[in-house]
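A.B. asks: the following comprises the amino acid sequence and a computationally predicted model.
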Amino acid sequence: MSTTAASKTKKPPLPNNDPPQPSSSFASLPNDIVINILSRVPRRYHPILPRVSKSLRSLVSSSELRKTRSLMGKDDAFYVWFRNDSSLTTHWFTLSHKTTTGKYSLTSVPFPSPPESYSSALMVGSDIYLLCGYINPSKSMWILDSRSGKLRQGPSMRVAWPFSVAVGQVDEKLYMFGRRQDEEHKEEIQVEVFDTKTQTWEVAPNPDVHISYIQISGVVSPTLDRKIYAKTDYGQVIVYDPRDGKCEKIGTPYNISCSKDVCVIDNVLYLYCFYFGLVWYDSKKKQWRTVKGLELNEFSYHNVDAMAEYNGKLVLIRKSSTIQKMDQICCAMVALEWSLNGLDIVGKVEWSDHILSVPRDYNIVHCLGRTD
């Protein structure tokens, strides 16, 4: 057979499905330089890095990286906001890790009370954005600097918003997504967008969907198709595309009671549902699926009051009523990863316990995790 004929019958090489390896120039760098580079990568991308190589996997979870990020002002932070319904006061706590015992606890933080005891909230970097009113619609936006503890007023919104809005972030813009009345008292869904660079508000494309009520859901989701996810009161998740206003409705499992928060971790959408537990949305099959392997004894047959990402993991918070004068705040930290066959998501409870006792009048408003 001629060389020309042999080349024509030669089969193409099989595709390489192995994870990409770092370039030789990157792999040859000293660890301190690699850590300096990794410290500038937003926290929300850290769960993806271990797939690149084993060396990156160890560096991402190293104490050296946490120290470097801390020196750069990028400390991991997780806050829980309570409201005392009797005194109408607000109380902030931060999740603290005790290195000697490996346990966590909630420590009181002397943050000032915002003008509204209930607000929609979203954490971007070290700033916590507080938007909207509770009883009366409001144009106000307040910004709480979690590092200094100072509260400042931000630019007013274009229209007054009620409490029932969703807040989401795409890149450096914050989106307010909710229901309001127009001048003729007709209800419609509108969206405003705040540019954190220019500090200005603009009108975003109106959603092409009718919703009677939207619960609060602060989701930082730049890695999930650049869309905003909002939980409604009628067992649906609304997916809003800020580029053109198009919306998609995703029903919750059997329309049963689920957490008011939706959470995105490593490009996967999660909900916590009564009886089913923690579920994730399979976008290919268009269905919710249960996270495998979880044993959440403190949360069995209960719902959760709040959940958010913390250090690439999912934190679940629940208020447990007792016969005593004080109620218990239960917390679980869950690590999530794909199964070996790549078809299921497996969860592992890394830690779970009671982390705080609070008066019965205390109710959880939000929990917020820093992801930059």
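C.D. replies: Now that the structure is in, tell me what you want to look at. Residues are numbered from 1 along each chain as shown.

A.B. asks: residue 329 pairs with what?
C.D. replies: Here residue 329 sits in beta bridges with residue 319, residue 356, as judged by DSSP bridges.

A.B. asks: and the pLDDT for it?
C.D. replies: The confidence metric pLDDT takes the value 94 at residue 329.

A.B. asks: separation between it and residue 267?
C.D. replies: 30 Å (Cβ to Cβ, to the nearest Å). For glycine as for every other residue, the C-beta is placed from the backbone atoms N, C-alpha and C.

A.B. asks: ends of stretch 316-330, how far apart?
C.D. replies: Counting by Cα to Cα, to the nearest Å, you get 8 Å between the two ends of stretch 316-330.

A.B. asks: quick one on the thing from earlier: with neighbour numbers in mind, choose between residue 329 and residue 267.
C.D. replies: residue 329 (22 against 13; other Cβ atoms under 10 Å).

A.B. asks: contacting residues for that one?
C.D. replies: Residue 329 sits next to 80, 106, 317-320, 354-358, 364 when contact means Cβ atoms under 8 Å, 6 or more residues apart in numbering.

A.B. asks: helix or strand right after the lowest-mean-pLDDT helix or strand in the chain?
C.D. replies: Lowest mean confidence among the helices and strands of the chain (mean pLDDT, DSSP states H and E): strand 218-220, at a mean of 48. Next in sequence after strand 218-220, counting helices and strands by DSSP states H and E, comes strand 228-231.

A.B. asks: and that next one, which strands flank it?
C.D. replies: Strand 228-231 is paired, per DSSP bridges, with strand 236-240 (antiparallel).

A.B. asks: so what touches the helix or strand following the partner strand?
C.D. replies: Counting by DSSP H and E, the element after strand 236-240 in chain order, helix or strand, is strand 247-251. With Cβ under 8 Å, 6+ apart as the test, strand 247-251 has contacts from 207-209, 235-241, 281.

A.B. asks: got the angle between strand 247-251 and strand 236-240?
C.D. replies: Orientation of strand 247-251 against strand 236-240 (axes from the mean of the first three to the mean of the last three Cα atoms, to 10 degrees) gives an angle of 160 degrees.

A.B. asks: would you mind extracting the C-alpha trace of strand 247-251 into PDB?
C.D. replies: The C-alpha trace of strand 247-251 is given here as PDB (Å, rounded to 0.1, in the frame of the first residue of the first chain):
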ATOM      1  CA  CYS A 247     -37.700  34.400  31.700                       C
ATOM      2  CA  GLU A 248     -38.000  30.700  32.400                       C
ATOM      3  CA  LYS A 249     -40.200  29.100  35.000                       C
ATOM      4  CA  ILE A 250     -38.800  26.000  36.900                       C
ATOM      5  CA  GLY A 251     -41.300  24.200  39.100                       C
END
